[in-house]
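Undergrad: generate a structure from the sequence data that follows.
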Amino acid sequence: MSHIKKPKPYAQIFSEQGAAFISLLSKFSAVDSKGRYLHWHDFRHRVPKGIDAEAAWGAVKLSRSLILKPIDLTAETGESFKYCLPDYAQTVIHAIEHINSKLGLGVSNTSTNNESNVFLVESLMMEEAISSAQLEGAATTRKVAKEMLEKEREPINDDERMIFNNFMLMKLAKHSKDMGLSIELIRRFHTEATRNIQEDYACPGEVRRENDIYVKGRDDEVAHQPPDAALLLDRLERLCEFANENHDGHDGRTFIHPAVKAIILHFMIGYEHPFNDGNGRTARCIFYWYMLKSGYWAFEYISISALLKQAPVQYGESYLFTETDDFDLTYFICYQLKIIERAMDDFLGYIEKKRKEFYDVMELLVESGFNKDLNFRQVHLLKKVLRSPGRLFIAKEVKNDFDVSEGTARADLEKLVKLKLLAKTKEGKTHCYVARGDAVNQIRKK
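TA: I've put the predicted structure just below:
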């Protein structure tokens, strides 16, 4: 990504054109007329004719300097990372604050909270696992990947193994949300991400000791050279301190919104690049870990990787915009918030679609009297039965869909057998359950 144009240092612009850019302060601010926080790479093409682009950039930089807030993390040069939150960022943060309530749930996700809504998102944890692996180059199709995860089939190649590892990584993030961040936990996340995949190169859980790792650009040039390996343990320790520090704004403490902090942690793992391979998966895992830790339980099911995968170049540029403009994290934060906004919209759309399907089935069940005999899991399982006559179900798939024990999953399937909605059969040693083609008629007969 050497094509990115790096701006001149602000001090140089000031010395060369100080009077010119001060006269432009009334015309240029931190964002453009559309609210965009542009990097010099894009800004230079949007300056009106007759105005010197560098002078205009000087006015923009001066405006930003008044609102940028440094954080207690530094680049290898010793310069502090900093950020601000333009109006657009504030609107997405407002939406994040309300994502749980839009689902009719409180801050915590417990087994007793509105069970029907919890089961509407039964398979979405798998979406992030699949998309994150595909972002890293895994070539397995979504259909095959989902079938592997649902039925707990052993991966047959590295691509499938990466997807399986990512699924287990998301579960580990969820189960670790009450822990503080430590180098050991970061290493555990990385170990899960790279388990059984080119282990001689990936070195699961081992912080790199050499400086031969770098991020390639589109033409195989060095786009990012991570900090010196000799400094890594100290830098990671400082990152963990930052993650665990209370940034609630009370008693004189600095305030950083949890979503912004999660994004910063995501960025910093990418910047430090502490491992030979699997840094991106580890970084995204830590983003999810911190969101879940902060009470935003819906992010267990919201896939950002699916959207990052659609524009991997822009994802990479958001890192480089920060690194090439005085370590201003606003570029990366705004890009990630844009992705999060779209991911939340997709999630809420999915929920609305599933809710409508649920009510349609419930109406049929109420008419037939079946609703008195089934719990929420069984109702959602029945939706799949009605939608796919002839489809095979096994207990492991149901267990993973609803996060219950295999015994509970089998009991749910047996219940539908008893009601003549599934037919029980056997393949080898595995009990299978076939969706009956006359299931709808069985309900109507009731």
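Undergrad: any low-confidence regions in this protein?
TA: Residue ranges of the chain with pLDDT under 70: 1-2, 103-125, 217-220, 446.
Undergrad: report the distance from the longest helix seen in it to the chain centre.
TA: Ranked by number of residues, the top helix in the chain under DSSP state H is helix 330-368. Centroid displacement of helix 330-368 relative to its chain, using Cα atoms, centre = their mean, to the nearest Å, is 16 Å.
Undergrad: same deal with stretch 155-165?
TA: Stretch 155-165 has its average C-alpha position 19 Å from the chain's average C-alpha position, going by Cα atoms, centre = their mean.
Undergrad: for stretch 260-280, same thing?
TA: The answer for stretch 260-280 is 13 Å, by Cα atoms, centre = their mean.
Undergrad: just stretch 81-101 next, same as before
TA: Centre to centre, stretch against its chain (Cα atoms, centre = their mean), the figure for stretch 81-101 is 15 Å.
Undergrad: buried residues, it. List them.
TA: 81-86, 88-89, 92-93, 95-96, 99-100 (16 or more other Cβ atoms under 10 Å). Where C-beta positions appear, they are placed from N, C-alpha and C, glycine not excepted.
Undergrad: repeat that for stretch 388-395.
TA: Across stretch 388-395, burial judged by 16+ other Cβ under 10 Å covers 393, 394, 395.
Undergrad: can you list which of the residues you listed are found in helices?
TA: Per DSSP H, helices hold the following members of these: residue 395.
Undergrad: now residue 80: closest residue in space that isn't a chain neighbour?
TA: Counting by Cβ to Cβ, 6 or more residues apart in numbering, the nearest residue to residue 80 once its immediate chain neighbours are dropped is residue 70, at 4.1 Å.
Undergrad: looking at the buried residues of stretch 388-395, which is nearest residue 183?
TA: Using Cβ to Cβ, residue 395 is the member of the buried residues of stretch 388-395 that sits closest to residue 183, with 38.8 Å.
Undergrad: who does the helix or strand encompassing the residue nearest to residue 80 pair up with?
TA: Element membership of residue 70, judged by DSSP states H and E, is strand 69-74. In the sheet, strand 69-74 lines up against strand 80-83 (antiparallel) (DSSP bridges).
Undergrad: could you pull out the helices for the stretch 101-250 of the chain?
TA: Using DSSP state H, counting those that start in this stretch, the helices of the stretch 101-250 of the chain run over residues 115-120, 124-135, 142-151, 158-175, 183-194, 199-202, 232-244.
Undergrad: just put the ones you listed in a markdown table and tack on mean neighbour count and distance to residue 47.
TA: As requested, those are exported to a markdown table (neighbours: other Cβ atoms under 10 Å; distance: least, Cβ to Cβ, whole Å):
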| stretch | mean neighbour count | distance to residue 47 |
| --- | --- | --- |
| helix 115-120 | 18 | 48 |
| helix 124-135 | 24 | 34 |
| helix 142-151 | 17 | 43 |
| helix 158-175 | 22 | 43 |
| helix 183-194 | 22 | 43 |
| helix 199-202 | 12 | 45 |
| helix 232-244 | 16 | 37 |
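Undergrad: between the ones you listed, which one is closest to residue 307.
TA: Nearest to residue 307 among the helices of the stretch 101-250 of the chain is helix 124-135 (8.2 Å), distances taken as Cβ to Cβ.
Undergrad: same for the closest one, what does it pack against?
TA: If you count contacts as 3 or more Cβ pairs under 8 Å, 6 or more residues apart in numbering; DSSP states H and E, helix 124-135 packs onto helix 142-151, helix 158-175, helix 279-293, helix 305-308.
Undergrad: which one of the ones you listed lies closest to residue 252?
TA: helix 279-293 (23.0 Å).
Undergrad: chain center to that closest one: distance?
TA: For helix 279-293, the distance to the chain centre is 7 Å (Cα atoms, centre = their mean).
Undergrad: hmm, back to that, the residue nearest to residue 80: what's it in contact with?
TA: By Cβ atoms under 8 Å, 6 or more residues apart in numbering, the contact list for residue 70 reads 80, 81, 82.
Undergrad: distance of the most centrally placed residue in the chain from residue 390?
TA: Centroid-nearest residue in the chain: residue 304, 3.8 Å away (criterion: Cα atoms, centre = their mean). Separation of residue 304 from residue 390 (Cβ to Cβ, to the nearest Å): 35 Å.
Undergrad: for residue 327, same thing?
TA: Taking Cβ to Cβ, one finds residue 327 at 58 Å from residue 390.
Undergrad: hang on, residue 210 packs against residue 230?
TA: No: the criterion here is Cβ atoms under 8 Å, and residue 210 misses it with residue 230 at 9.9 Å.
Undergrad: count of residues packed around the residue nearest to residue 211 when sequence neighbours are not counted?
TA: Spatially, and ignoring its direct neighbours in sequence, residue 211 is nearest to residue 229 (5.3 Å; Cβ to Cβ, 6+ apart). Using other Cβ atoms under 10 Å, residue 229 has 16 neighbouring residues.
Undergrad: residues contacting residue 229?
TA: Applying Cβ under 8 Å, 6+ apart, the residues contacting residue 229 are 207, 208, 209, 210, 211.
Undergrad: of those residues, which pair is most distant in space?
TA: Across these, no pair lies farther apart than 207 and 211, at 12.7 Å, counting by Cβ to Cβ.
Undergrad: how close does the closest residue to residue 273 other than its chain neighbours sit to residue 215?
TA: Once flanking residues are discounted, residue 273 sits nearest to residue 226: 3.6 Å by Cβ to Cβ, 6+ apart. Residue 226 sits 8 Å away from residue 215, taking Cβ to Cβ as the criterion.
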